[in-house]
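Colleague: Here's a sequence, model it:
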Amino acid sequence: MRKLRYRSFFPYGIAIALTALLALTFAPRLGTAETPVKGGKLVYIVPASWYPSLDAHQETTFATIHPSAPFYSLLIKVNPENPGDPTDFVGDVAQSWSTSKDSLTYTFKIRKGIKFHDGSLLTSRDVKATYDKIVWPPKGVRSSRDFMYSEIVKSIEATDDYTIVFRLNFPSAAFLPSMAAPYNYIYRADILKKDPNWYKTHVNGTGPFMPASGTPEKGFADGKWSVKGSHVEGVRNPNYFIKDRPYLDGYRAIFIKKQAPQVAAIRGERAMINFRALPPKTISEMKRAMGDKLRVQESTWNCVLFVAPNHKVKPFDDVRVRRALSLALDRNEASKYLSTFAIIKTVGGIVYPGHPLAITKEELQKLAGYSPDIEKSRKEARRLLKEAGVPKGFKFKFHNRGVEQPYKHMGIWLIDQWRKIGLNAEHWVQPTGPFYKTLRGRKQAFPVSIDFNCQSVVNPILDIGKFLSEDKSGSNNAEYIDRNLDKIHSDLLREGDPKKVRALIRKYEKRVIDEEVHYIVTLWWNRTVPHNARLRGWKVSPSHYLNQDLTNVWLAPK
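Modeller: Model prediction:
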């Protein structure tokens, strides 16, 4: 694989400072070089009940990425040897790329000889069809990342069999990092033309692994490699375009929803890792039991839990009620308490904490729900509820995902917090598949729900696109239209002055979580990953979506 370092045109005028700071902030904990050993099967845990679908273009969950990423390739990706640095990208199916002097044209050269699982050759036509589906999805097809490109990308052209050209409406530093999004699986054009939803239930990629059974021409739908609620199994792809990879013979992703059996599986060496994370207290106990057989990797996490009040369900269509929900939360106390047993910790706004564009503590305390005086905030919350005509003891369903870490822990805490301002929330928990169906169902499917913004490459200006109006963002589940918010973000994409960029983000943030309280921020996550010491070649990153194709992973001898 030819490594290509990302050196972006940065219209905000702070490229050098950001690159240096980000490299320090997200520098990975690298070990010493070792000689990889071929062979063996990696068994790892996916901490969910099942995946909603296999089409990563449409999904937003690790429950899709973790079992299926090894089947697919990307155009470019975060460097797997340095995944903590969000400025370091390498080609995947792209052999190289270049940028025009005005930064309006990006040209990618595609490797020759890459084969899909069914034997067909990959060309730039497949890459174009893939990104057409992501950027401009056909009617009836969901794209969870169209908002990342819709304003920026002007056109996508396959100028020859191995050249793909992206033309932009304006220069944007947000563009190239977005191309490394781990959800941007490269699909076959002929299949998408016949059925753009085919990949929800079938597999045909160019990744280092392929499904362990079934017929490639049938998308492996006739195999037993995927057993609902149990596992997904892959074997080495003999036609993978990097000839000495993968090192593993295969892998088995086993779905275990609850934490206790996950820990038992790793301690008993029936599985080697849960790539997502486990809480610090649990890891300490595992370390005492396993000793040198356990290694731990840690990183800050580009993931945050939100409360999404449905703007089309009364009384949550009233900003006073939404504001009361936020004012009730003692986030500082939650950080101290929940972080001891859950994978959540940091109090922050909508931008990844620690990033140069993130809100400061002083700025944050001026927004609703962040005052250090929690009793004063809750008094104001009760006043707003009374003013809005919400009776004491008002009952509503709080919709949550049936994943223990950290969703259920957060849900229990939220319900307790709202009880302190006179609200009575019922905890409505669903498994991952039904949860997503309800969350995205519209038609007033829920009154209030847990939601999240878990991104991969740290790219704040695009990451916060989640909060755009529901007709502009495939990830806005709170069902609102806010053209003022859309205009601020549009200005932000085009702004070149670093001070104005920061001011626009603060304006956007204030409108989202203070003025309109479209969404309510709870806590940012903290990623601590314990794994069997035999597992080598994998490095932790700020996101549990990154570096999951297992290309470089190998197993040391027992």
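Colleague: where exactly do the strands run in the stretch 251-400 of the chain?
Modeller: Applying DSSP state E, counting those that start in this stretch to the stretch 251-400 of the chain gives strands spanning 273-274, 294-309, 344-346, 394-401.
Colleague: want to throw those into a markdown table with mean pLDDT?
Modeller: Converted to a markdown table, those look like this (pLDDT from 0 to 100):
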| stretch | mean pLDDT |
| --- | --- |
| strand 273-274 | 98 |
| strand 294-309 | 95 |
| strand 344-346 | 94 |
| strand 394-401 | 98 |
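Colleague: Any idea which of the ones you listed gets closest to residue 527?
Modeller: Smallest distance to residue 527 across those (CB to CB): 4.1 Å, for strand 294-309. No exception for glycine: its C-beta is placed from N, CA and C like everyone else's.
Colleague: re earlier: which one of the strands of the stretch 251-400 of the chain lies closest to residue 105?
Modeller: Per CB to CB, nearest to residue 105 of the strands of the stretch 251-400 of the chain: strand 294-309, 28.7 Å.
Colleague: rewinding a little: tabulate the strands of the stretch 251-400 of the chain (a markdown table), appending mean neighbour count and distance to residue 331.
Modeller: Below are the strands of the stretch 251-400 of the chain laid out as a markdown table (neighbours: other CB atoms under 10 Å; distance: least, CB to CB, whole Å):
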| stretch | mean neighbour count | distance to residue 331 |
| --- | --- | --- |
| strand 273-274 | 22 | 26 |
| strand 294-309 | 22 | 11 |
| strand 344-346 | 21 | 10 |
| strand 394-401 | 19 | 17 |
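Colleague: export the ones you listed to a markdown table and tack on distance to residue 323?
Modeller: As requested, these are arranged in a markdown table below (distance: least, CB to CB, whole Å):
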| stretch | distance to residue 323 |
| --- | --- |
| strand 273-274 | 37 |
| strand 294-309 | 10 |
| strand 344-346 | 23 |
| strand 394-401 | 15 |
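Colleague: Of the ones you listed, which is nearest residue 163?
Modeller: strand 294-309 (32.0 Å).
Colleague: Note down every partner strand of that closest one and its orientation.
Modeller: strand 448-454 (antiparallel), strand 520-532 (antiparallel) (DSSP bridges).
Colleague: Next, the angle from that strand to strand 394-401.
Modeller: Orientation check (axes from the mean of the first three to the mean of the last three CA atoms, to 10 degrees): strand 294-309 against strand 394-401 gives 140 degrees.
Colleague: now strand 294-309, how far from the centre of its chain.
Modeller: 10 Å (CA atoms, centre = their mean, to the nearest Å).
Colleague: and if you look at stretch 202-214?
Modeller: 22 Å.
Colleague: just stretch 292-302 next, same as before
Modeller: Worked out by CA atoms, centre = their mean, stretch 292-302 lies 18 Å from the chain centre.
Colleague: re the thing from before, residue 137: which of the strands of the stretch 251-400 of the chain is closest?
Modeller: Judging the strands of the stretch 251-400 of the chain by CB to CB, what sits closest to residue 137 is strand 294-309, at 22.0 Å.
Colleague: Excluding its own residues, what touches stretch 185-204? List them.
Modeller: 53-58, 68-69, 71-75, 93, 116-118, 120, 122, 125-130, 133, 137-138, 140-141, 205-206, 210-211, 216, 218-221 (CB atoms under 8 Å, 6 or more residues apart in numbering).
Colleague: How about stretch 157-174?
Modeller: So stretch 157-174 is contacted by 8-12, 15, 75, 102-112, 123-125, 127-128, 131, 148, 151-156, 175, 179, 459, 461-462, 493-494 (CB under 8 Å, 6+ apart).
Colleague: so where do the helices sit in the stretch 1-150 of the chain?
Modeller: Remark: helices assigned in the stretch 1-150 of the chain by DSSP state H, counting those that start in this stretch are 15-25, 62-68, 124-135.
Colleague: for the residue nearest to residue 387 when sequence neighbours are not counted, what are its contacts?
Modeller: Using CB to CB, 6 or more residues apart in numbering and skipping the chain neighbours, the partner closest in space to residue 387 is residue 320 (6.0 Å). Residues counted as contacts of residue 320 (CB under 8 Å, 6+ apart) are 384, 385, 387, 388.
Colleague: Over to residue 348?
Modeller: Counted by CB under 8 Å, 6+ apart, residue 348 has contacts 304, 358, 359, 364, 521, 524.
Colleague: switch the cut-off to 10 Å
Modeller: Contacts were defined as CB atoms under 10 Å, 6 or more residues apart in numbering; by that measure residue 348 touches 304, 331, 335, 354-355, 358-359, 361, 364, 370, 521, 523-524.
Colleague: again with residue 404
Modeller: Contacts of residue 404 (CB under 10 Å, 6+ apart): 47, 48, 257, 258, 259, 260, 262, 279, 342, 343.
Colleague: And the residues you listed, which of them are buried?
Modeller: Neighbour-count burial (16 or more other CB atoms under 10 Å) is assigned, among those, to 47, 48, 257, 259, 262, 279, 342, 343.
Colleague: with those in mind, which one is nearest to residue 555?
Modeller: Taking the buried ones among the contacts of residue 404 together and measuring to residue 555 by CB to CB, the closest member is residue 262, at 19.6 Å.
Colleague: Cross-check the contact I'm expecting between that closest one and residue 275.
Modeller: No - counting by CB atoms under 10 Å, residue 262 sits too far from residue 275 to count as a contact (11.4 Å).
Colleague: what do these two both touch?
Modeller: 45, 46, 47.
Colleague: Contacts only, for the closest residue to the first one other than its chain neighbours.
Modeller: Closest residue to residue 45 apart from its sequence neighbours, by CB to CB, 6+ apart: residue 274 at 4.2 Å. Taking CB under 10 Å, 6+ apart as the criterion, residue 274 is in contact with 44-47, 66, 256, 259, 262-263, 265-266, 405, 529-531, 544.
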